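[1] Fold the following for me, if possible:
(chains A and B)
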Amino acid sequence: MAIEVPVEHVLLVAAALFLLGLLGVLVRRNIIFLLMSLEVMMNSAGLAFIAAGAKWGAPDGQIMFMLILALAAAEVAVALGLVLQISRRFDTLDVDAASELNG
Amino acid sequence: MLEYLWLVPALPLAGFFALFVTEGKLPDKIVAVIGAGSVGLAALVALGAGIEFVQSGEASYSQTLWTWMAVGNFAPSISLYLDPLSLVMTGVITGVGFLIHLFATGYMWKDHQEPEGLSRFFAYMNLFVFAMLMLVLGDNLLVLFLGWEGVGLCSYLLIGFYHRDPENGYAARKAFVVTRVGDTLMAIGLFLLFRELATLDIQTALGDAAQLDSGMATAIGLLLLGGAVGKSAQVPLQTWLPDAMAGPTPVSALIHAATMVTAGVYLIARMKGIYDLAPAAQFAVAIVGLVTLLISSFTALTQTDIKRILAYSTMSQIGYMFMALGVGAWSAGIFHLMTHAFFKALLFLASGSVILALHHEQDIFKMGGLWRKLPVPFASMLIGSGALVALPFITSGFYSKDAILLTAHGYEHHGGLFWFGGVLAAVMTALYTTRMMVVAFFGETKTEPHDSSRINMWGPLVVLCVLSIGGGWLGIGVLDGLLGPINEFSHAHPMALTTMILPLIGIFLGWPIFRGQIDLSRLVGSTFGDALRRFWQSGWAFDWVYDRLFVKPFVWVARVNKGDAVDLVFRITAAVTRGLHHIGALTQTGRLRWYAANMAIGLIVVVLIVASA
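    Residues are numbered from 1 along each chain as shown, chains lettered A, B, ... in the order given. Purely as a prediction, here's the structure:
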């Protein structure tokens, strides 16, 4: 017998995760942590999709989650390349060091 | 017949392109062969075409090469039109042009100022010949205008040929700007003509000219006269010609004596149909000619630079041509154009030889006693001067000038006045020519000449000598039949003897004066005499007046308006845009986290707006 979890609760958790991720993106300077925070944000969005799909009994939510997984994988592949370049060029993982492209 | 007529302008154009695309990399010898050869071939073709044309007995021949553009009903074509008038002009341009090109191969060889410039020189010269031929052979006014502007361009380029000296650049710009005044008038005249008759084809326009009301015909005639005055250096747009002598001497001979400056005469002769309908405009032509020939012959008397003397004498001879057209001596005017081309080219080339032999000394008072040292240039100058003075019977200038003066005497409006002015100028011509010859070639030697001329320099002189003498009989014999009777008055005219004798007085007066046998120093040295001399020497103060009237105010306005009030609108727009750019650029910090924060804030704002709506 499954326990019914109210969709509001799940959405609250998703929102909290999203905010945590955003906060991480905004305050962390280390680019690895930044990427991890991004990952958290994406998963929070995925959680919201799953919850919504369960509520309406539609498969769309799960499909969207699969899409987000694929997107995340692709993003990480590119991002890790960038991380490698930044660490080589600037000899640091501080994302603020790569701010030459300004005004 | 005559399908090869297009070759006449095409050959010099080909010469120009050959010299232009090689950018002066060809050896000098090949440059000389291309430069002079293209014009020489054109002269041969023109000669052949002329003979065939005369033998055919046709009144005209036209050849359409292609359509220039087609816009609705307006479809001017590039076409050539050969009739006696354009045939004479073509003959002069290619024939005299070739002789001058030939002379230039010697004169410009290892030139002292521009030793690398031979290719550039001949490229410009060939382009000039092409443009001039398009001017006279053009079947419609658009082609004529193309040639008209083309010769103006070449004149500008060649006056400023010695471009290292800023003075020459100034002279070139002056010539360009002053003639532009006339060209603008002419363009307006052409627009009017097109508006009234809806065609630019010359023959059609002249055929339909009777539709013009007389006011419009006068306006068009005067506007076209404006263009002719600018190009032919007549009063009041004459000031550029003396300064144009800054160019190399062959240029002065070809462009500023023999051909281009006679374009105005050609234009008026070509548009004769318009002037027939506008007696006022025709009278204005005669007046312009009379005033110019008087002013410039007095000015020539006081000049010391040999080329400037000849420049002023060119102006006055073209004044005769204008007067001839004005008083109706149409064919005599064209005849004088031809003989003038012969003897003025001769005078310029001979003076070029002298100048070269004296290492570019142009002041006649630093010459002296050259007749023994430079026999060929001296003989050429003598014959050329004789033709300029119009020595009776033996020189070509006599026949043409005589015809003009006698026709002027019979002119219905103040004919006597025109005759008197013409004869007075003829006396002055004799006087200043004698002065030039006596001062430069007689007396004691002041500068030692080094004559290094070869056959390519004295050959053209000899040919031009023959033409300066024989051109008169040629004119009477050939042009009489082609253009119509040149001198309708027999020599039994009551004024014939006076007209013939009076110029000789100038010589007999001038010889003792300038040899120093008659002392005029008290007259010349007096306050009045000196003031008059300086007034004449400045070209009747035209330059001074124009400087005060146009140049100074213009420079003043330019200086006051340095910031350019009109530009302010654009500059304010630019400043505002630049300010906005700076503000916008502030947000572009390059920091990733700053962008992320902004995105988040932006998203929140959007969500709030959507939620509140």
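
[2] show me where pLDDT drops low in the chain?
    Went with chain A since none was named. Across chain A, the ranges flagged by pLDDT under 70 are A:1-2, A:103.

[3] Let me rephrase: I mean chain B.
    Low-confidence segments of chain B (pLDDT under 70): B:1, B:453, B:487-493.

[4] need the strands for it, in chain order.
    Ranges of strands within chain B are B:61-67, B:77-82, based on DSSP state E.

[5] I'd like those strands written out as TSV, with distance to chain A and mean neighbour count added.
    C-beta: built from backbone N, CA, C; applies to glycine. Listed next are the strands of chain B as TSV, based on distance: least, C-beta to the nearest C-beta, whole Å; neighbours: other C-beta atoms under 10 Å in any protein chain shown:
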stretch	distance to chain A	mean neighbour count
strand B:61-67	57	14
strand B:77-82	58	21
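
[6] Quick one: closest of those strands to B:L190.
    Closest of these to B:L190 is strand B:77-82, at 16.4 Å (criterion: C-beta to C-beta).

[7] How far away from the center of its chain is that closest one?
    In terms of C-alpha atoms, centre = their mean, to the nearest Å, the centre of strand B:77-82 is set 22 Å apart from its chain centre.

[8] Burial check on B:G484, number of neighbours?
    Using other C-beta atoms under 10 Å in any protein chain shown, B:G484 has 13 neighbouring residues.

[9] gap between it and chain A?
    According to C-beta to the nearest C-beta, to the nearest Å, B:G484 and chain A sit 82 Å apart.

[10] Same check on B:L461?
    Look at B:L461 and chain A: by C-beta to the nearest C-beta, they are 75 Å apart.

[11] residue contacts, the closest residue to that residue other than its chain neighbours?
    Nearest non-adjacent residue to B:L461, counting by C-beta to C-beta, 6 or more residues apart in numbering or on different chains: B:S380, 4.4 Å away. By C-beta atoms under 8 Å, 6 or more residues apart in numbering or on different chains, the contact set of B:S380 is B:346-347, B:349-350, B:353, B:461-462, B:464-465.

[12] how about the helices in the stretch 1-150 of chain B?
    For the stretch 1-150 of chain B, the helices defined by DSSP state H, counting those that start in this stretch cover B:7-21, B:28-56, B:84-107, B:118-137, B:141-159.

[13] now those in JSON lines, with distance to B:G579 and mean neighbour count?
    Shown next, in JSON lines, are the helices of the stretch 1-150 of chain B (distance: least, C-beta to C-beta, whole Å; neighbours: other C-beta atoms under 10 Å in any protein chain shown):
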{"stretch": "helix B:7-21", "distance to B:G579": "49", "mean neighbour count": "21"}
{"stretch": "helix B:28-56", "distance to B:G579": "58", "mean neighbour count": "19"}
{"stretch": "helix B:84-107", "distance to B:G579": "60", "mean neighbour count": "26"}
{"stretch": "helix B:118-137", "distance to B:G579": "49", "mean neighbour count": "27"}
{"stretch": "helix B:141-159", "distance to B:G579": "44", "mean neighbour count": "22"}
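
[14] closest to chain A out of those helices?
    Nearest to chain A, of all the helices of the stretch 1-150 of chain B, is helix B:7-21, at 47.8 Å by C-beta to the nearest C-beta.

[15] I'd like to know which elements that closest one is packed against.
    Counting by 3 or more C-beta pairs under 8 Å, 6 or more residues apart in numbering or on different chains; DSSP states H and E, the packing neighbours recorded for helix B:7-21 are helix B:28-56, helix B:118-137.

[16] need those in a markdown table with distance to B:P485, can you?
    Compiled in a markdown table, the helices and strands packed on helix B:7-21 are given as follows (distance: least, C-beta to C-beta, whole Å):
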| stretch | distance to B:P485 |
| --- | --- |
| helix B:28-56 | 17 |
| helix B:118-137 | 22 |
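
[17] Let me have the helices of the stretch 1-150 of chain B in a markdown table, adding distance to B:G421 as columns.
    Listed next are the helices of the stretch 1-150 of chain B as a markdown table, based on distance: least, C-beta to C-beta, whole Å:
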| stretch | distance to B:G421 |
| --- | --- |
| helix B:7-21 | 38 |
| helix B:28-56 | 35 |
| helix B:84-107 | 26 |
| helix B:118-137 | 29 |
| helix B:141-159 | 29 |
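
[18] what sits against B:E361?
    B:E361 makes contact with B:355, B:367, B:447 under the criterion C-beta under 8 Å, 6+ apart.

[19] change it to 10 Å
    Neighbouring residues of B:E361 by C-beta atoms under 10 Å, 6 or more residues apart in numbering or on different chains: B:306, B:354-355, B:367, B:446-447, B:449.

[20] same thing with A:V83?
    Residues in contact with A:V83 (C-beta under 10 Å, 6+ apart) are A:30-32, A:34-35, A:76, A:93, A:95.

[21] Now render those residues as CSV, adding distance to chain B and neighbour count.
    What follows is the contacts of A:V83, written out as CSV (distance: C-beta to the nearest C-beta, whole Å; neighbours: other C-beta atoms under 10 Å in any protein chain shown):
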residue, distance to chain B, neighbour count
A:N30, 11, 13
A:I31, 9, 21
A:I32, 14, 14
A:L34, 8, 22
A:L35, 11, 20
A:V76, 17, 14
A:L93, 13, 15
A:V95, 5, 24
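
[22] Around chain B, pick out the residues from chain A.
    On the criterion C-beta under 10 Å from any C-beta of the partner chain, chain B has as its neighbours in chain A the residues A:19, A:22-23, A:25-29, A:31, A:34, A:37-38, A:95-96, A:98-103.

[23] please redo it, this time with the cut-off set to 8 Å
    Within chain A, the positions near chain B by C-beta under 8 Å from any C-beta of the partner chain are A:22, A:25-27, A:29, A:34, A:95-96, A:98-103.

[24] Which of those residues are buried? Put it as a PyMOL command.
    If you want just the buried ones from the residues of chain A next to chain B in PyMOL, going by 16 or more other C-beta atoms under 10 Å in any protein chain shown, the selection is:
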select buried, chain A and resi 22+25+34+95+98
